[in-house]
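Asker: Sequence plus the predicted model coming up.
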Amino acid sequence: MLVKTYGSSVFGIDATTITIEVDVTKGIKFMLVGLPDSAVKESQQRIESALRLNGFKWPRYKIIINMAPADIRKEGSAYDLPLAAAILAASDQISAEKLSKFVLMGELSLDGTLQPIKGVLPIAINARKEGFEGFILPKQNAREAAVVDKLNVYGAENIREVIDFLNGENKIEQTIVDTRAEFYARMNNNPLDFSDVKGQENVKRALEIAAAGGHNIILIGPPGSGKTMLAKRIPTILPPFTLKEALETTKIHSVAGKIGKDTSLMTRRPFRSPHHTISDVALVGGGNYPQPGEISLAHNGVLFLDELPEFKRTVLEVMRQPLEDRLITISRAKFSVEYPSSFMLVASMNPCPCGYYNHPTKECVCGPGVVQKYLNKISGPLLDRIDIHLEVVPVPFKKLAEAESSENSETVRERVMKARKIQEARFENHKGIYANAQMNSKLIRKYVQLDEAGNELIKNAMDKLGLSARAYDRILKVARTIADLEAEENVQAHHLSEAIHYRSLDRENWGG
């Protein structure tokens with residue numbers, strides 16, 4: 001008897017429906033075809049044990065299984081459940097009536113318990129698109145799938161519950177999530193706040209500008225000056241997720257298996273902080289069957305690289321293209337995968353190996369040329385792609401001991417959101433651009449009109465600092481954001497002056 005069940009394969013951040021065809025006839029052979037990987041092939045042993053321990057029999061006949069389309073590689077153990085259901089239906093042990101209405105996915109333990117799987121959200125989105133009535137999956141993943149409306153989601157704990165449901169002998173409780181209510185209730189739930197940071201008002205100002213325009217920023221300062229503390233609080237001043245951004249980010253984390261148990265939708269912007277020993281593949285994504293890397297997991301959020309010069313140069317260089325295109329394409333011989341990577345890069349570094357170059361009170365003990373050699377670990381083209389270079393000085397004890405708290409994140413965020421609304425209105429006719437940091441040269445010329453004083457100021461800065469054309473564009477973008485924060489229609493000389501100030505590493509006194 002021939003029976004069909006339906007599963008799904010995740011490719012990039014999108015899913016494709018997989019039709020599992022099972023034919024049970026006379027004979028003693030077991031054949032599984034359709035480009036299954038080792039984990040799929042090993043499902044026979046898991047399924048056989050799960051069926052036996054739940055009162056069912058493995059058919060002692062010839063079993064032929066085809067996973068179509070046969071030219072798409074099938075990966076992972078999540079096909080255990082649809083394979084088991086198809087084998088039972090093809091051998092007349094359960095009813096096949098409901099199988100065509102549902103997508104089934106789940107890994108089986110030997111006792112039939114369902115284990116959580118990856119990529120649930122894109123699978124659920126595709127199931128609704130393909131017109132399936134519902135999605136049966138492990139209970140731990142049910143809330144994640146229930147984010148998708150107009151799709152019945154049933155979370156089961158073991159294969160016995162699924163079999164009884166397909167036979168009509170019992171009901172599995174449908175998982176329902178009020179996506180909008182839950183999203184808006186949890187979107188501002190963050191334990192960190194800008195008011196925790198004493199002093200550093202000039203740094204906070206620069207971070208506010210970076211958040212308002214989506215600019216990349218690098219913080220240079222001695223150990224203990226608060227660089228990491230400040231960086232961790234950047235997501236608290238970024239505009240809250242829109243529902244569309246939350247769904248897009250959750251899809252990426254779902255594919256990577258980074259969604260927590262019983263979690264439905266990500267409500268806070270991601271903050272990714274990989275260690276400096278990370279490989280280039282782990283940063284941008286890859287593998288035989290490419291998975292998203294840290295830059296994609298930071299999509300719509302912040303990628304924080306602490307101690308930037310300690311990262312391998314090859315790792316840093318692979319970021320150059322994603323920083324410009326906000327998209328990473330991972331190519332293999334037979335296919336390529338695209339992952340979005342629109343993130344805000346925040347980096348920090350000591351000014352030299354000992355950490356005290358340009359320190360107001362402590363003396364640097366590095367030898368001649370050591371500081372420049374240390375800075376040269378970061379290439380010029382990468383630094384050019386970072387809009388704001390800011391020197392961070394230690395906070396004096398008097399500031400640390402003050403009882404008065406500083407401005408909180410919510411106040412700063414309100415100003416950032418007002419500036420972002422101005423930018424949204426400006427770029428409403430430009431697809432894919434929502435912040436000043438994304439402007440190309442044509443848009444810069446259109447929206448950054450300088451007067452005579454501004455032109456003279458930027459000309460002198462270019463001559464004195466020896467800035468590249470890309471650095472020139474970056475200064476204009478930052479100046480445009482400063483003007484937006486002040487709700488000014490035109491970029492004025494004092495906006496440019498502040499933007500030029502945020503190019504610390506271009507100054508002559510850096511690196512000796």
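Answerer: Yep, that arrived. Predicted, not measured: the structure shown is a model, and the values here were computed from it.
Asker: C-alpha only now, for contacts and for neighbours.
Answerer: Will do.
Asker: Look up phi and psi at the closest residue to Ala96 other than its chain neighbours.
Answerer: Nearest residue to Ala96, sequence neighbours excluded (C-alpha to C-alpha, 6 or more residues apart in numbering): Ala89, at 5.3 Å. Main-chain dihedrals, Ala89, degrees, to the nearest 10: phi -70, psi -40.
Asker: From Val22, how far out is Ala89?
Answerer: Going from Ala89 to Val22 by C-alpha to C-alpha, to the nearest Å gives 9 Å.
Asker: Pull up the overlap in contacts between these two.
Answerer: Counting by C-alpha atoms under 8 Å, 6 or more residues apart in numbering, the contacts common to Ala89 and Val22 are Val3.
Asker: a strand runs through Tyr374, doesn't it?
Answerer: No. Counting by DSSP: H, G, I helix; E, B strand; the rest coil, one finds Tyr374 to be helix, located in no strand.
Asker: how near is it to Arg313?
Answerer: 12 Å.
Asker: neighbours of Lys139, just the number please.
Answerer: If you count neighbours by other C-alpha atoms under 10 Å, Lys139 ends up with 21.
Asker: Identify the residues contacting it.
Answerer: Contact partners of Lys139, counting by C-alpha under 8 Å, 6+ apart, are Leu114, Pro116, Tyr154, Gly155, Ala156, Glu157.
Asker: Please produce TSV containing these, extended by distance to Asn350.
Answerer: Shown next, in TSV, are those (distance: C-alpha to C-alpha, whole Å):
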residue	distance to Asn350
Leu114	49
Pro116	42
Tyr154	52
Gly155	50
Ala156	52
Glu157	51
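Asker: Which two of those residues have the greatest separation?
Answerer: Pairwise distances across the contacts of Lys139 peak at 13.4 Å for Pro116 and Tyr154 (criterion: C-alpha to C-alpha).
Asker: what about those two, which has more around it?
Answerer: Tyr154 (26 against 20).
Asker: hang on, Leu345 in a helix?
Answerer: No. Leu345 is assigned strand when assessed by three-state DSSP, not a helix.
Asker: Strands of the stretch 351-500 of the chain, start to end?
Answerer: 388-391 (DSSP state E, counting those that start in this stretch).
Asker: shaky segments in it?
Answerer: The model of the stretch 351-500 of the chain has pLDDT under 70 over residues 397-401, 403-404.
Asker: just the helices in it please.
Answerer: Per DSSP state H, counting those that start in this stretch, the stretch 351-500 of the chain carries helices over the ranges 370-375, 380-384, 397-401, 409-426, 441-447, 452-465, 469-485, 493-501.
Asker: Select, out of those, the one closest to Ala146.
Answerer: Once those are compared by C-alpha to C-alpha, helix 409-426 is nearest, at 30.0 Å.
Asker: just checking, what packs against that closest one?
Answerer: Where contact means 3 or more C-alpha pairs under 8 Å, 6 or more residues apart in numbering; DSSP states H and E, helix 409-426 is packed against helix 201-213, helix 469-485.
Asker: Specify the stretch among those helices that is closest to Ser336.
Answerer: Smallest distance to Ser336 across these (C-alpha to C-alpha): 29.7 Å, for helix 469-485.
Asker: Render the CA-only coordinates of the closest one in CSV, please.
Answerer: The C-alpha trace of helix 469-485 is given here as CSV (Å, rounded to 0.1, in the frame of the first residue of the first chain):
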residue,chain,number,x,y,z
ALA,A,469,36.6,59.1,-0.2
ARG,A,470,34.8,56.5,1.9
ALA,A,471,35.7,58.3,5.2
TYR,A,472,34.4,61.5,3.6
ASP,A,473,31.0,59.8,2.9
ARG,A,474,30.9,58.4,6.5
ILE,A,475,31.4,61.9,8.0
LEU,A,476,28.5,63.2,5.9
LYS,A,477,26.3,60.4,7.0
VAL,A,478,27.1,61.0,10.6
ALA,A,479,26.5,64.7,10.2
ARG,A,480,23.1,64.0,8.6
THR,A,481,22.2,61.9,11.7
ILE,A,482,23.3,64.6,14.1
ALA,A,483,21.1,67.1,12.2
ASP,A,484,18.2,64.6,12.4
LEU,A,485,18.6,64.4,16.2
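Asker: Measure how it sits relative to helix 409-426, angle-wise.
Answerer: Put simply, helix 469-485 runs at 110 degrees to helix 409-426, going by axes from the mean of the first three to the mean of the last three C-alpha atoms, to 10 degrees.
Asker: angle of helix 469-485 against helix 493-501?
Answerer: Using the same axes, to 10 degrees: helix 469-485 against helix 493-501 is 130 degrees.
Asker: quick one on the thing from earlier: what's the distance between the residue nearest to Ala96 and Ile220?
Answerer: Counting by C-alpha to C-alpha, the gap from Ala89 to Ile220 is 65 Å.
Asker: still on that earlier bit, dump the helices of the stretch 351-500 of the chain into TSV; add mean neighbour count and distance to Phe102 as well.
Answerer: As requested, the helices of the stretch 351-500 of the chain are arranged in TSV below (neighbours: other C-alpha atoms under 10 Å; distance: least, C-alpha to C-alpha, whole Å):
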stretch	mean neighbour count	distance to Phe102
helix 370-375	16	57
helix 380-384	16	49
helix 397-401	10	60
helix 409-426	18	41
helix 441-447	13	48
helix 452-465	14	63
helix 469-485	23	50
helix 493-501	19	56
